[in-house]
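> structure for the following, please:
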Amino acid sequence: MKGDKIFDELESTVTQFAQLVSEFDDESLNEIPFEGSWTAGQVAEHVILSDSGFIKLINGPVQESERPADALAAEIKTVFLNFNIKMKSPEFIVPPEKNYKKQELLDALDDINNGLNKSRGLEMDKTCTARELPRMGFLTRFEAVSFMLYHTMRHLHQLKNVSLKLLGEKRNAD
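Numbering: from 1, shown residues only. Down below sits the predicted model:
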């Protein structure tokens with residue numbers, strides 16, 4: 001998957017994520033669905049924190065790459081789309097426990113898609129040097145966008161489960 005295609009897929013995934021967030025009201029957005037789980041608002045905030053950070057990364061300083069632009073993309077996909085493993089989020093993108101507002105989350109997700117559109121046309125084979133990831137090192141722009149895509153897909157899957165639990169129950173109660 002190259003350049004525009006990965007941006008198209010990521011934009012579509014963020015849009016699907018936002019559409020699912022829009023199905024929650026402010027009350028259900030802040031309800032804990034399962035013991036030990038984040039609320040839907042926290043899941044959305046986590047994606048927003050991560051994706052907005054990656055937009056800054058891909059628009060930040062770069063250097064020539066010493067490997068193919070997509071060298072780590074398949075590994076990133078395999079890790080994030082393995083729903084049988086539970087991951088621990090780095091502290092700086094752990095969403096705070098607070099009362100989330102749906103419109104604020106939707107506006108932030110819209111900002112992410114706008115940031116992605118502004119990032120189209122960048123040289124995807126350059127290595128981003130602003131931040132090194134644990135176990136992966138510095139990512140190329142293509143790998144960083146791949147990370148955003150598969151990470152957002154993972155949390156879209158999680159948000160669907162939260163929606164089934166909370167909104168499914170509410171729909172059945174109506």
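> in what helix or strand does the most centrally placed residue in the chain lie?
Among the residues of the chain, the one closest to the centroid is T152, at 3.1 Å (CA atoms, centre = their mean). Applying DSSP states H and E as the criterion places T152 in helix 141-173.
> so which bits of that helix are buried?
141-156, 158-159, 162-163, 165-167 (16 or more other CB atoms under 10 Å). Using the backbone N, CA and C atoms, a C-beta is placed for each residue, glycine as well.
> that helix - contacts with which helices or strands?
Judged by 3 or more CB pairs under 8 Å, 6 or more residues apart in numbering; DSSP states H and E, helix 141-173 is in contact with helix 3-22, helix 26-29, helix 40-58, helix 73-80, strand 127-128.
> I'd like the mean pLDDT over the last one, please.
When pLDDT is averaged along strand 127-128, the result is 98.
> what packs against it?
Packing partners of strand 127-128 (3+ CB pairs under 8 Å, 6+ apart): strand 62-63, helix 141-173.
> which residues does it contact?
57-58, 60-66, 138-141, 144 (CB atoms under 8 Å, 6 or more residues apart in numbering).
> and those residues, which are buried?
Buried, going by 16+ other CB under 10 Å: L57, I58, V62, S65, F138, L139, T140, R141, A144, out of the contacts of strand 127-128.
> now do the contacts for the third one.
I take that to be V62. Neighbours of V62 in contact, by CB under 8 Å, 6+ apart: E123, K126, T127, C128, T129, R141.
> ranking the residues you listed by neighbours, who comes first?
R141 (25 neighbours; other CB atoms under 10 Å).
> shouldn't that one be in contact with T129?
No: in this structure R141 lies outside contact range of T129 using CB atoms under 8 Å: 11.0 Å.
> if you rank every helix and strand of the protein by mean pLDDT, what lands last?
helix 141-173 (a mean of 88; mean pLDDT, DSSP states H and E).
> next, the angle from that one to helix 73-80.
Between helix 141-173 and helix 73-80, the angle comes out at 30 degrees (axes from the mean of the first three to the mean of the last three CA atoms, to 10 degrees).
> rewinding a little: which of the contacts of strand 127-128 has the weakest pLDDT?
When these are compared, E66 shows the smallest pLDDT, 93.
> is that residue in a helix, a strand, or coil?
coil (DSSP: H, G, I helix; E, B strand; the rest coil).
> which residue is the nearest non-sequential neighbour of it?
T127 (7.5 Å; CB to CB, 6 or more residues apart in numbering).
> returning to that earlier point: now the helices and strands packed on helix 141-173 as JSON lines including distance to N99?
Listed next are the helices and strands packed on helix 141-173 as JSON lines, based on distance: least, CB to CB, whole Å:
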{"stretch": "helix 3-22", "distance to N99": "15"}
{"stretch": "helix 26-29", "distance to N99": "8"}
{"stretch": "helix 40-58", "distance to N99": "8"}
{"stretch": "helix 73-80", "distance to N99": "29"}
{"stretch": "strand 127-128", "distance to N99": "34"}
